[in-house]
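Give me a model of this one.
(one chain, ligands or ions: 1)
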Amino acid sequence: MAKNKIQFQKGISIQKFMLRYGTEEQCQKQLFNMRWRGGYQCPKCGKEKYCQLKSRALYQCNHCRHQSSLTAGTLFDHTKLPLTTWFLAIYFITQKKNGISILELSRHLGISYNATWRLKHKLMQAMKERDDQKPLEGFIQIDDAYWGGVRKGVKGRGAKGKRPFVAAVSLNDEMHPVGMRFSVVKGFQKQELTDWAKHHIKAKSVAVSDGLACFKGLADAEVFHFPVVTGGGAECVEIPCFKWVNTMISNVKNSMRGTFHAINLKHLPRYLAEFSYKFNRRYNLESMIDRLAFASLVTPPMPERLLKLAEQRW
Ligand SMILES: [Zn+2]
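Numbers count the residues shown, from 1 in each chain. Here you go, the predicted structure:
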């Protein structure tokens, strides 16, 4: 039997990772090269000559003496953790297929649960913001889905205490999934779907969904929408044009149930974003380390009080 290209890719061994990102200097250098790709440039006067202040990731312009820090204005802003801890966290988060719980991550990193919680949620936020800038395009399967709140006797779309989310999977010409976006929504209303699609689906894309009325809202976001009326429930899964979106929904649910025992519902958007981010880049496990480090550099600082708020945007 042919090996699955994705499952059998090598990724990067922890040994190789430590050789590359094992010291603070290496991590600083890596971030420096990402932040100032064309070489350092003073943010104040634009000159290129600088000196690095001893033992700190602080750079001083030789011309105007302006000092700029490597991490100021990024997700790493004001962190008390060494960059090696951040990179090691990025390693575990990106290389473990089903994700890693905060408790397990805190054991690997040797830092407190609370510090790990902040670090993990910041990195999940970076993944979310990065993907939110890349709308899905082409042929897309869309479905409504729910997380949590299972109550006896109440099933399906009417059940209370469940958090609704839109599940979208884009497919290539061979009908293989190439991208996914799972977003928590306030509910399945037409306007909500229009607003969501304007952010997450490129205009002129083609979308199929079931006959749920809210999906008519996709057309108002310039998406060519084709509803396929189904009986709903389990038989829906059997319909080929929903195969991938249904598979992805159950993969996400199984993976999240297995790894994260109690997800605070208000943080569900970040958990869904983590899964999607990794899926969207699954063809190159090794490069995901630098890519997430870069995403963190371009994500604005996220103070703890913001981290703890429920995500208001999609
Ligand atoms: Zn300067």
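
pLDDT below threshold where in the stretch 51-200 of the chain?
For the stretch 51-200 of the chain, the stretches flagged by pLDDT under 70 are 55, 149-160.

Could you tell me which residues of it lie near the ion?
Within the stretch 51-200 of the chain, the positions lying close to the ion (C-beta under 5 Å from the ion) are 61, 63-64, 66. No exception for glycine: its C-beta is placed from N, CA and C like everyone else's.

Just give the nearest non-adjacent residue to Arg35, would you?
Counting by C-beta to C-beta, 6 or more residues apart in numbering, Leu297 is the residue found nearest to Arg35 once chain neighbours are left out, at 5.6 Å.

Can you give me the distance of the one you found to Arg130?
11 Å (C-beta to C-beta, to the nearest Å).

and what of Asp220?
Asp220 is 27 Å from Arg130, by C-beta to C-beta.

Asp77: neighbouring residues, count only.
Per other C-beta atoms under 10 Å, the neighbour tally for Asp77 reads 15.

pLDDT wise, what is the residue nearest to it when sequence neighbours are not counted at?
Of all residues not flanking Asp77 in the chain, Pro301 sits nearest, at 3.8 Å (C-beta to C-beta, 6+ apart). The confidence metric pLDDT takes the value 93 at Pro301.

Could you look up the SS state of Pro301?
Recorded secondary structure, Pro301: coil (DSSP: H, G, I helix; E, B strand; the rest coil).

show me the contacts for it.
Listed by C-beta atoms under 8 Å, 6 or more residues apart in numbering, the contact set of Pro301 reads 73-75, 77-78.

Mind picking the one among these that's closest to Thr194?
The shortest approach to Thr194 among those belongs to Leu75, at 30.8 Å (C-beta to C-beta).

Run through the neighbouring helices and strands of the longest helix seen in the chain.
Scanning the chain for the longest helix, with DSSP state H as the assignment, gives helix 113-132. Counting contacts by 3 or more C-beta pairs under 8 Å, 6 or more residues apart in numbering; DSSP states H and E, helix 113-132 packs against helix 83-95, helix 102-109, helix 268-280, helix 287-298, helix 304-308.

let's see it at 6 Å
Counting contacts by 3 or more C-beta pairs under 6 Å, 6 or more residues apart in numbering; DSSP states H and E, helix 113-132 is packed against helix 102-109, helix 268-280, helix 287-298.

Just give me the closest of the contacts of Pro301 to the ion.
For those, the residue nearest the ion by C-beta to the ion is Gly73; the value is 16.6 Å.

that older thread, please list only the buried members of the residues of the stretch 51-200 of the chain next to the ion.
Those of these that meet the buried threshold are Cys61, by 16 or more other C-beta atoms under 10 Å.

Same list (the residues of the stretch 51-200 of the chain next to the ion) but as JSON lines, adding secondary structure and distance to Gly38.
Shown next, in JSON lines, are those (DSSP: H, G, I helix; E, B strand; the rest coil; distance: C-beta to C-beta, whole Å):
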{"residue": "Cys61", "secondary structure": "strand", "distance to Gly38": "16"}
{"residue": "His63", "secondary structure": "coil", "distance to Gly38": "17"}
{"residue": "Cys64", "secondary structure": "coil", "distance to Gly38": "19"}
{"residue": "His66", "secondary structure": "coil", "distance to Gly38": "18"}
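
I'd say the residue nearest to Arg35 and Leu75 touch.
No. In this structure Leu297 lies outside contact range of Leu75 using C-beta atoms under 6 Å: 7.2 Å.

Tell me which of those two has more neighbours.
Between Leu297 and Leu75, Leu75 has the larger neighbour count (other C-beta under 10 Å), namely 22 against 17.

I figured that one hits Val298, correct?
No. Using C-beta under 6 Å, Leu75 is not in contact with Val298, being 8.4 Å away.

now the closest residue to Thr94 other than its chain neighbours: how far from Ser101?
Nearest residue to Thr94 in three dimensions, chain neighbours excluded: Met288, at 4.1 Å (C-beta to C-beta, 6+ apart). Distance, Met288 to Ser101, by C-beta to C-beta: 19 Å.

The two - which one has more neighbours?
Met288 (24 against 16).

Would you confirm that that one contacts Gln95?
No. In this structure, Met288 is not within contact of Gln95 by C-beta under 6 Å, at 7.7 Å.

Would you state the strands of this protein in chain order?
Here the chain has its strands, by DSSP state E, at 50-53, 58-61, 67-69, 139-147, 163-171, 177-184, 206-209, 224-227.

Start and end of stretch 277-287, how far apart?
Across stretch 277-287, the terminal residues are separated by 13 Å (C-alpha to C-alpha, to the nearest Å).

Can you mark which positions in it are buried?
Along stretch 277-287, these residues count as buried under the neighbour rule (16+ other C-beta under 10 Å): 277-281, 285.

do stretch 173-181 as well
177-181.

In this structure Val208 contacts Cys241, no?
Yes. The pair Val208 and Cys241 passes the contact test of C-beta under 6 Å, sitting 5.1 Å apart.
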